[in-house]
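# return atomic coordinates for the entry below.
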Amino acid sequence: MEPIYLILSFSVLFFYTFLKVVKKDIFFGGAYLFLFIYTIFTQIGYAYFPELSVILKAYFGETLFKPYLAFVALSFFAFYIVFLLLFPKLSNKTRYEVVQTRPMLKGVLFYELILIHLVFMTFYFISNYDILNYVNVADEDFFKSNGLLYVLFIIGFKFSIVINLLLYVLFRARKKFGTYLNSFIIPLMLVSECLLLVLISWKIGSRTDLLALTLGVIIFEIKASPKTRRDKRKILFRLAVFVLAVLMSLTILEYTRTESTADDKPLMEVMLYKDYYPPSHILIAAIEYNFVNFGEVLKSNISNSLLKMNYPYLQATVTDLFNPDISTRSASYAFYIFSEGFIAVGWFGFLYNAIIVFLGLSIWRSLALSNHEYYNLFVIALISTQLANIVRSQSSYFVKDLYTIFLPGVLLFYLATGLRPKIVDFLHTADNRRNVQVDSL
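Residues are numbered from 1 along each chain as shown. Next up, the predicted model:
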C-alpha cells in the first residue's frame, strides 16, 4: 500500500479518537494532539521528502516507514484505550482540599521576588547582549565558561514562563484576588515580564518558551470561559487572533536564528522541516538498529529525573548509533516520547507507551483536582505549559517537572494569593467534599 494511504488512514484514526479525548479533557486532548504533531510531519517527510531525513543522517531506506508507522499507530490506539478505561477513575474525585490563608506580609514577598527577577534578568540581558545568541546558548562550553550568573540567567529565563502565566492569571482573576494584590502593580509587572521574555526569546532564538506560555494562556482561557455560546465564540475568536500572532512571531523568530531564507527550499519542505521534524527519527533509528535496552531506559530515566547527574539522555544514546558525538545536553535531535517504549521492550513497547504516558499525564492532571476552582485553573494552565515539551522528552520529565516547575509555581501562587493545599489531604482521598464554585472570568 502506498504511504499516502497509510498516512491518511492514521490521520483519520487520530482525528476520530482526538475528538473523543478532547471532549472528555482538554489537557489530555492537548497532549494527544502534540503526540500527533510530532509524528505526522515526520511521516510525510520520510515517505515523500527523504532528503530532509538525509540532512539529519537519519534516512534508513523506505522499508523502515511501515514498521515505524505501525508502531506509532499501535501506541496511539493503546493510549486511547487506556484513556477510555482509566480516565473516569481519575476525574470523578476531588483529590485534595485548598484552603485560603493570608499571603505572607500581604503579598509583599511576592512583589519583591518578581522585582528581583525583573531587575536581575534585565541587567544581565543588557550587560551581555552582544554574546547572547542561539549558537552560544546551545554551546556547552559557553555555558561552562560564563559562571554562576549565566546559570542563574538561564534558570530565570526558563522560570519566566511560570511568572508570566501567574501574573496573567492574577490579572484575569483580579476581582477575586483583589484583597491582597494591587490592581495597578500586577498589570505593570505583567507587561514588563512579558516584554522581557519576548526580547530575550528573540535574541537567543528560543521558540519553545513562547509556545509554552501560549499553551498555558490558551488552556486557562478555555477552562475559564463563560458557559454561554455567545461568550464562548468571543473567547475563541480572541484566542484565534492570539494564536495567529504567536505563530507569525515564531515563524519570524525561526529566521532570526538561521541564515536561511524562505526562498532556499520549496514551501512543503519549509513547512515540514521544523522543530517537530527531527525528534521522531529517534524511533526510526531505534527500529533500524533494533536498539532495545530496558536497563538503559531505567538508568537514564532515574538519573535524569534528578539534578546534576549528567547521565546521557536516551536521544543521545540512540543518536550515537547513526550520527556520533553530535548530541549534547543542550542541543540534540530532541526525543519523541513514544520512542521510549520501543527502546524499553521492543515491539511490545506500544503497551509501555500507553501505560507510562497515561500515568505521567495523570499525575500532572491530578494536581488540578482540588476543591477550589480558581486554584485548579492556575494549576491546569501551569501543567499545560509543558504539553509540547513532554512529547519531545523522555518520561523522566514527568517527575523532574514536578519539583523544578510546578512546585515553585504553586509556591509563588501561594505567596500572591494565600491559596495552598491542605497538607493533611494529600494522605487520603475524600469523595464528598464541597466544591468551591466561582463565576466565570
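
# quick check: mean pLDDT of stretch 238-255?
The average pLDDT within stretch 238-255 is 68.

# likewise stretch 410-427?
Rounded mean pLDDT across stretch 410-427 is 80.

# can you tell me what sits against it?
The contact list for stretch 410-427 (CB atoms under 8 Å, 6 or more residues apart in numbering) reads 95-104, 107, 109-110, 113, 162-163, 166, 170, 177, 180-181, 367, 370, 372, 374-375, 378-379, 382. Just so you know, the C-beta spots here come from the backbone N, C-alpha and C atoms, and that holds for glycine as well.

# just the residues you listed: which are in strands?
In strands, judged by DSSP state E, the following of the contacts of stretch 410-427 are found: 98-100.

# out of the residues you listed, flag the one nearest to Ile218.
Ranked by distance to Ile218 (CB to CB), the ones in strands among the contacts of stretch 410-427 are led by Val98 at 23.6 Å.

# thought the closest one was touching His372?
Yes. Counting by CB atoms under 8 Å, Val98 does reach His372; the two are 3.8 Å apart.

# separation between the most centrally placed residue in the chain and Tyr5?
Compute the mean C-alpha point of the chain, and by CA atoms, centre = their mean the closest residue is Gln386, 2.1 Å away. Gln386 sits 35 Å away from Tyr5, taking CB to CB, to the nearest Å as the criterion.

# what of Pro324?
In terms of CB to CB, Pro324 sits 36 Å off from Tyr5.

# and for Val318?
Counting by CB to CB, the gap from Val318 to Tyr5 is 29 Å.

# so for those two, which sits in the more crowded spot?
Val318 (29 against 9; other CB atoms under 10 Å).

# and the residue nearest to Tyr32 when sequence neighbours are not counted, what is it in contact with?
Leaving out its chain neighbours, the residue that sits closest to Tyr32 by CB to CB, 6 or more residues apart in numbering is Val21, at 5.0 Å. By CB under 8 Å, 6+ apart, the residues touching Val21 are 28-29, 32, 80, 83.

# one step back: out of the ones in strands among the contacts of stretch 410-427, which are buried?
Burial by neighbour count, judged by 16 or more other CB atoms under 10 Å, picks out Val98 from the ones in strands among the contacts of stretch 410-427.

# reformat the ones in strands among the contacts of stretch 410-427 as JSON lines; add distance to Gly205 and pLDDT.
Output for the ones in strands among the contacts of stretch 410-427, formatted as JSON lines (distance: CB to CB, whole Å; pLDDT from 0 to 100):
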{"residue": "Val98", "distance to Gly205": "39", "pLDDT": "91"}
{"residue": "Val99", "distance to Gly205": "43", "pLDDT": "89"}
{"residue": "Gln100", "distance to Gly205": "42", "pLDDT": "84"}
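
# which of the ones in strands among the contacts of stretch 410-427 sits closest to Met1?
Distances from Met1 to the ones in strands among the contacts of stretch 410-427, taken by CB to CB, are shortest for Val98, at 53.0 Å.

# picking up where we left off before, surely the residue nearest to the centre of the chain touches Leu213?
No. Using CB under 8 Å, Gln386 is not in contact with Leu213, being 11.2 Å away.

# coming back round to it: farthest-separated two in the contacts of Val21?
The span of the contacts of Val21, defined through CB to CB, is set by Gly29 and Tyr80 at 11.3 Å.

# Gly349: neighbour count?
Neighbour tally, Gly349, other CB under 10 Å: 26.

# please tell me how far it sits from Ile363.
21 Å.

# and if you look at Ile55?
Separation of Ile55 from Ile363 (CB to CB) stands at 37 Å.

# likewise for Tyr59?
Taken as CB to CB, the span from Tyr59 to Ile363 is 37 Å.

# tell me where the stretch 1-150 of the chain is predicted with low confidence.
For the stretch 1-150 of the chain, the stretches with pLDDT under 70 are 103-106.

# show me where it has helices.
Here the stretch 1-150 of the chain has its helices, by DSSP state H, counting those that start in this stretch, at 3-24, 26-48, 50-55, 65-91, 108-127, 134-137, 140-145, 147-172.

# of those helices, give the one that comes closest to Leu402.
With CB to CB as the measure, helix 147-172 is the member of those nearest Leu402 (13.2 Å).

# which helices and strands does the closest one pack with?
Applying 3 or more CB pairs under 8 Å, 6 or more residues apart in numbering; DSSP states H and E, one finds that helix 147-172 makes contact with helix 108-127, helix 140-145, helix 185-204, helix 208-224, helix 373-384, helix 407-417.

# switch to 7 Å and redo it
helix 108-127, helix 185-204, helix 208-224, helix 373-384, helix 407-417 (3 or more CB pairs under 7 Å, 6 or more residues apart in numbering; DSSP states H and E).

# the second one versus helix 208-224: what angle between them?
Going back to what we said before, that points to helix 185-204. Using axes from the mean of the first three to the mean of the last three CA atoms, to 10 degrees, the inter-axis angle of helix 185-204 relative to helix 208-224 is 140 degrees.

# go on, the last one?
Here helix 407-417 runs at 50 degrees with respect to helix 208-224, directions being taken by the same axes, to 10 degrees.

# give the buried residues for helix 407-417.
Those would be 409-410, 412-417, for helix 407-417 by 16+ other CB under 10 Å.

# max pairwise distance over these: which two?
Spatial extent of the buried residues of helix 407-417 (CB to CB) is set by the pair Gly409 and Thr417 at 12.3 Å.
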